[in-house]
Each structure stands twice: as C-alpha cells, then as structure tokens.
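[1] sequence and predicted structure below; questions after.
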Amino acid sequence: MQSARSTSSMAVSSAPHHRERADLAAAFRWAARLNFHEGVANHFSVAVNEDGTQFLMNPNQSHFSRIKASDLILVDANDPETMTRPDAPDPTAWGLHGALHRQCSHARVALHVHSIHATILSTLQDPRLPPIDQNCAMFFNRYAIDTEYGGLAFEEEAERSCRQLSDPNKKVLIMCQHGVMVIGEDVADAFNRLFYFERAAETYIKALWTGQPLNVLSDEVAEKTAMELEDYPGQAERHFAELKAILDREEPDYAQ
C-alpha cells in the first residue's frame, strides 16, 4: 500500500506545472495557519511561461486552508475572455494579478493578503517601515507604497497600483488602506518575504504602542543588513522546505 505522501506526490507529478502547483498550494495552507488569510478573499499566483503572462492562481471563493494543487486554475493575463469562463477567478484577483503579470515579467510569484500588521501599517498617515530591527532592515529601500487607494482592485485600479512594482528592486507593495502585495522569483522566495514582512510590520506596530522614541538604524547599517540577508545562502529555500515537510506529515492532500 502506498503512503499518503507517495500518493500525493504521484498525483501532482502527473499534472502540468506540478512543482508550481504544489508549492503554491503549500503557501496557501501556511498562510491560513499563520492567519494571513481573510475569509475566502485574497489571492496568490505563480507564472508558468517565459514572459510571465500565463499563471496559476486560486479558484474563486475558496478558503486557503482547503486549497489543493489540482484546484489551481490556469489563466492568461492577455486573454480578454477570462472573466466569461465558467471557472472565472474573483474579479479583483483577476484585476490585480492580471495587471501585475502583464506589467512585471520579473514578478514570477505574487502573494496578496490583508495580513493584520501589514494592513495596520498601510493605514498609517506615514506607512513607511523604518529599520528599527534586523527584520525591518531587510526591507530597507526594497518596498513601494501606493497611497492612492480608489476602491476595490478591479482592472483600472489594479493597473494603476501594480505599476508601483515595475522597479525590480521593489519586492513589496504597501497598498494603503488595503493590504500588501509581495512578489518573488519563486514561491519559496515570495513566501519567505511575506512571512518576514508581516513579522517586521508587527515589530514596528508594537514598538509604536510603547509610546517610546524609536531607535532607528542608520541608512548605512540598514542597507548593509538588507544586502547581507539577500545574500544569505539558501534561507528562503530551507524555510519553505521545512514548511512543506510539516504539511507532508500533517496535510499531505495539499499536493494532490
């Protein structure tokens, strides 16, 4: 008799883009565990062709904790008929991720959430993230801010906001009055960045709660720290591999 692990691996390996599917499904499961999700809203995507315009994403109105690799739908950012499909994605998911994958070929993976502390940060009159600790320094000069919230992220709003990520050096978009969009080279890279951005935002928000003056790192030390973390060998890959190992033991159906 095959184990649940081997069965799930075979199910995924026979599907197109099986690695991307399994990795994105794992990201959904962990986002739910970490309370980064919001009901059946929010959405992740991973590009599967060279120019990034074809991508996998979550189906409409599905809870992150139940998503499996085989549930993901394949869409094309340049297909005007996408929203007429019987399995059409959420309209705001199509707006944001379609716009991003059309405009930013370097954004191979895009994770959009309304996680609590990143969203609180997005509501501040000054939504910048100062480098007050090592995690905050990780994002020094590496995020963009969209201050022009204009309602739900249907196509016009999405096109405008996603232009903020056209600079390949910006890997996080703080969407004011909304949430956060994190991009990466692969799922491990993007999920690791999302995890640490939420941790950094939490540290900053809780530091503000104390009412005491903040001890902010110098620009020189913040940039040095950010570069050292970028070059740290294998950190994102090992982090995500460990998360998948836990799912392989506890929720192996994610890879089916």
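    Yes, it's here. Treat the numbers as computed from the prediction; the structure is a model and nothing was measured. Numbering: from 1, shown residues only.

[2] mind checking the pLDDT average for stretch 120-138?
    For stretch 120-138, mean pLDDT rounds to 98.

[3] show me which residues of it are buried.
    Of all the residues in stretch 120-138, those buried under the rule 16 or more other Cβ atoms under 10 Å are 121-122, 127, 129-138. Bear in mind the C-beta positions are built from the backbone N, C-alpha and C, glycine included.

[4] how far does that stretch stretch from one end to the other?
    With Cα to Cα, to the nearest Å as the measure, the first residue of stretch 120-138 is 19 Å from its last.

[5] what's the spacing between it and its chain's center?
    In terms of Cα atoms, centre = their mean, to the nearest Å, the centre of stretch 120-138 is set 17 Å apart from its chain centre.

[6] where do the strands sit along this protein?
    Remark: strands of the chain, listed N- to C-terminal, are 43-47, 54-57, 73-76, 109-113, 143-146, 172-175, 179-184; assignment by DSSP state E.

[7] what does the third one rub up against?
    Strand 73-76 is touched from outside by 16-17, 48, 53-59, 82, 87, 89, 94, 98, with contacts defined as Cβ atoms under 8 Å, 6 or more residues apart in numbering.

[8] hmm, try it at 6 Å
    Counting by Cβ atoms under 6 Å, 6 or more residues apart in numbering, the neighbours of strand 73-76 from elsewhere in the structure are Gln54, Leu56, Pro59, Thr82, Asp87.

[9] of these, which is the most crowded?
    Across those, the neighbour count under other Cβ atoms under 10 Å reaches its highest value at Leu56, namely 24 neighbours.

[10] any idea what it is bridged to?
    With DSSP bridges as the criterion, the beta-bridge partners of Leu56 are Val46, Leu74.

[11] Asn135 is in contact with Thr225, correct?
    No - look at Thr225 against Asn135 with Cβ atoms under 6 Å: they stay out of range, at 9.6 Å.

[12] which intervals of the chain have sub-threshold pLDDT?
    Scanning the chain for pLDDT under 70 picks out 1-14.

[13] so what pairs up with the most centrally placed residue in it in the strands?
    Centroid check for the chain by Cα atoms, centre = their mean gives Leu111 as the closest residue, at 2.0 Å. The residues listed as beta-bridge partners of Leu111 by DSSP bridges are Phe44, Val182.

[14] circling back: turn the strands of the chain into TSV, including distance to Asn215.
    As requested, these are exported to TSV (distance: least, Cβ to Cβ, whole Å):
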stretch	distance to Asn215
strand 43-47	35
strand 54-57	41
strand 73-76	46
strand 109-113	29
strand 143-146	21
strand 172-175	22
strand 179-184	25
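
[15] chain center to stretch 87-100: distance?
    On the basis of Cα atoms, centre = their mean, stretch 87-100 is displaced by 14 Å from the centre of the chain it belongs to.

[16] give the buried residues for it.
    The neighbour-count criterion (16+ other Cβ under 10 Å) identifies Ala88, Pro89, Asp90, Thr92, Ala93, Trp94, Gly95, Leu96, His97, Gly98, Ala99, Leu100 as the buried residues of stretch 87-100.

[17] what does stretch 180-193 give?
    For stretch 180-193, a neighbour-count test (16+ other Cβ under 10 Å) marks 180-184, 186-193 as buried.

[18] same thing with stretch 139-158?
    When neighbours are counted by 16+ other Cβ under 10 Å, the buried residues of stretch 139-158 are found to be Phe139, Phe140, Arg142, Tyr143, Ala144, Ile145, Asp146, Ala153, Glu157, Ala158.

[19] sorry, back to before: and which of the contacts of strand 73-76 is nearest Trp30?
    Sorting these by distance to Trp30 puts Leu56 at the head of the list, at 16.9 Å, by Cβ to Cβ.

[20] surely that closest one touches Leu72?
    Yes - counting by Cβ under 6 Å, Leu56 sits close enough to Leu72 to count as a contact (4.4 Å).

[21] straight-line length of stretch 175-189, end to end?
    End residues of stretch 175-189 are separated by 20 Å (Cα to Cα).
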